[in-house]
Structures are given as structure tokens and as C-alpha cells.
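Q: Quick check, what structure comes out for this input:
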Amino acid sequence: MAVFWLTPLLLGGPRSALDRSVLAALRAGDHLALVQGFLFITHLGSWVTLSVLSSGAAAWLALKQRVRDALILLVTVWGVRVAVELQKLWIDRARPGDEHLVDVHSASFPSGHAANSLVTYLMMAALLFGTRTSVVIALMLSFLIGLSRPILGVHWLSDVIAGWAFAFCCAILALSMRSGRSDGILVSRMRTGNPPEVR
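A: Numbers count the residues shown, from 1 in each chain. I've put the predicted structure just below:
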């Protein structure tokens, strides 16, 4: 998965003809209904929303005597959050243009919404439900949240891809460490209808 972080870093951004073309094709512009719809979707990936959801999920896990899982969830989610912010400071990629359809206050690479939403929803799906269906829903929601960023004109697609890749690697690493396996594949550990076993 590292290639999906490194390639967007090296080949994407303001100087990439592909990134500029994709942004022009995806950007919602004056389509009010589309803008409103994706504003709602992008707010599902805001740090306020994700903090409330992950904290609530951790509290529920703790109440179920799954304190270790609660800590894994919070450490992974917050760890990715901090790591993404450090990457933004280090790489300092400029965002697209000036016509942003939502307020932004940090550098472009990688997309925080893409990374933070994927790691939060994927970890919650795995730890709370542990089913293939929950994982698919988490991935689909994260895909839409990531896609909302270039549609709203605040990210290059390469930023989003890198955010997804980084968060997915972190989630897989956390869940593999939890299960005691270094070769774990997330979907293969999902058991229909039952949460992951406590170890």
C-alpha cells in the first residue's frame, strides 16, 4: 500500500496535469443540490463528528469489558490524526485554487478527511460489528467522504488516495497486532453476524 501514498506524493498536486483534469471534472461548481449533498457527506468526515463517534464507540467497548479494544480504537484513530497533521506540515502541498466550497485551514497532502474517516469507520466496523457487511459499508462511506473533497474543490485526488492508503495501512496494522497476526487480511477476519473475539 505504500506505493499508493508515495506515488500521489511524487506525481500529484498542482503540477500534475492528471490531478488538474480530474479536479475540473469532479468539481461541483454551481450545482447547488450536488454541493449541498456533498457538504453533508464531507461533514461525516469532520474531526468533530469522528471524535464523537470514536469516543462513543470506545465507551461502549469499555462498558462491555473490552477495554483493550477501546484503547486500540482510540490510539489508532488519534495516532492517524496526529500523523496526518505532521505530514501536512512536512510536505506543505498547496490546495487547489481559491474557490473552495468549504472552509479549510491546513495544507493539502494528504487529505485528513479521507484518512481520518477511513481509519475511524473501518476500525469501528471491525471492532463493534466484525462483519463483512459492516466493513463494506465503512469503506463505501469513506470513499464518498474522500470523493467529496475534490468535488468541493479543496483537495487534489492524489491527496485523497494518499489519505486512504495511509489510513488503511494503519488500520490493518492495528487489527493485525490486536489479533496476534502479522499477515492478517481484514475481510478474512470478519465473521458474519458476530463481533471479533476478545483476546
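Q: Can you list the low-confidence ranges for the protein?
A: Regions of the chain meeting the criterion pLDDT under 70 cover residues 1, 181-199.
Q: what about the helices in it?
A: Ranges of helices within the chain are 3-11, 17-26, 32-43, 47-63, 67-91, 112-124, 132-151, 157-179, based on DSSP state H.
Q: Only the C-alpha atoms, please, for the first one, written as CSV.
A: Written as CSV, here are the backbone C-alpha positions of helix 3-11 (Å, rounded to 0.1, in the frame of the first residue of the first chain):
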residue,chain,number,x,y,z
VAL,A,3,3.1,2.9,-3.3
PHE,A,4,-0.4,4.4,-3.1
TRP,A,5,1.0,7.0,-0.7
LEU,A,6,4.4,7.6,-2.4
THR,A,7,3.1,7.8,-6.0
PRO,A,8,0.5,10.6,-5.2
LEU,A,9,3.2,12.4,-3.3
LEU,A,10,5.7,12.4,-6.1
LEU,A,11,3.4,12.7,-9.1
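Q: Mind giving me the packing neighbours of it?
A: Judged by 3 or more CB pairs under 8 Å, 6 or more residues apart in numbering; DSSP states H and E, helix 3-11 is in contact with helix 157-179. Backbone N, C-alpha and C define where each C-beta goes, glycine included.
Q: in the helix it packs on, what counts as buried?
A: Residues of helix 157-179 classed as buried by neighbour count (16 or more other CB atoms under 10 Å): 157-172, 174-176, 178.
Q: Can I get it as PDB, trimmed to CA atoms?
A: Taking C-alpha atoms only, helix 157-179 is exported to PDB below (Å, rounded to 0.1, in the frame of the first residue of the first chain):
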ATOM      1  CA  LEU A 157      -7.500  13.500  -6.000                       C
ATOM      2  CA  SER A 158      -3.900  12.400  -5.200                       C
ATOM      3  CA  ASP A 159      -4.300  13.800  -1.700                       C
ATOM      4  CA  VAL A 160      -7.400  11.700  -1.200                       C
ATOM      5  CA  ILE A 161      -5.800   8.500  -2.500                       C
ATOM      6  CA  ALA A 162      -2.700   9.000  -0.200                       C
ATOM      7  CA  GLY A 163      -5.000   9.600   2.800                       C
ATOM      8  CA  TRP A 164      -6.900   6.400   2.100                       C
ATOM      9  CA  ALA A 165      -3.700   4.400   1.600                       C
ATOM     10  CA  PHE A 166      -2.100   5.700   4.800                       C
ATOM     11  CA  ALA A 167      -5.200   5.100   7.000                       C
ATOM     12  CA  PHE A 168      -5.800   1.600   5.500                       C
ATOM     13  CA  CYS A 169      -2.300   0.600   6.300                       C
ATOM     14  CA  CYS A 170      -2.600   1.900   9.900                       C
ATOM     15  CA  ALA A 171      -6.000   0.100  10.400                       C
ATOM     16  CA  ILE A 172      -4.600  -3.200   9.100                       C
ATOM     17  CA  LEU A 173      -1.500  -2.900  11.300                       C
ATOM     18  CA  ALA A 174      -3.600  -2.200  14.400                       C
ATOM     19  CA  LEU A 175      -6.000  -5.000  13.700                       C
ATOM     20  CA  SER A 176      -3.200  -7.400  12.900                       C
ATOM     21  CA  MET A 177      -1.400  -6.600  16.100                       C
ATOM     22  CA  ARG A 178      -4.700  -7.000  18.000                       C
ATOM     23  CA  SER A 179      -5.200 -10.500  16.600                       C
END
